[in-house]
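# below are the sequence and a predicted model for it; my questions follow.
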Amino acid sequence: MGYIELSKAPCNQTLEIMIINDAGWEKRFESMGIRKGRHIRKIASQPFGGPIVIEVNGSKMSLGRNIAAKIEVEVLASPSH
C-alpha cells in the first residue's frame, strides 16, 4: 500500500509515520516526537493553506503544509463513534 503525505491525510484518524522525506528536518522532527513508527492523530487542516494540527503523545502542535508534506503516513484506524 502506498503512503500519503500528512498534509493530505484525513482528519481524526490514527496515522503511523512511515517516511520522513527530508534528512535535514529529521532531527528537528525527532525533537518534537515525530519519528518513523510513531502513531499520531491529525486533528485539523486549516483552510486557505493554513497549518495542519496534529496530536503526538498527547501534545498538540501545528505544522506548516510544506513541512507536513515531508512526512508520509499510513492510515491505521477510523475513530469509533
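That came through, no problem.
# next, count neighbours for the nearest residue to residue 5 once chain neighbours are set aside.
Nearest non-adjacent residue to residue 5, counting by CB to CB, 6 or more residues apart in numbering: residue 69, 4.8 Å away. No exception for glycine: its C-beta is placed from N, CA and C like everyone else's. Neighbour count of residue 69, defined by other CB atoms under 10 Å: 16.
# who touches residue 69 in this structure?
5, 6, 7 (CB atoms under 8 Å, 6 or more residues apart in numbering).
# tell me where this structure has strands.
Using DSSP state E, the strands assigned to the chain run over residues 4-5, 14-20, 39-45, 52-56, 59-63, 71-77.
# give me the helices and strands touching the second one, please.
Where contact means 3 or more CB pairs under 8 Å, 6 or more residues apart in numbering; DSSP states H and E, strand 14-20 is packed against strand 39-45, strand 71-77.
# same thing but at 10 Å, please
strand 4-5, helix 23-31, strand 39-45, strand 52-56, strand 71-77 (3 or more CB pairs under 10 Å, 6 or more residues apart in numbering; DSSP states H and E).
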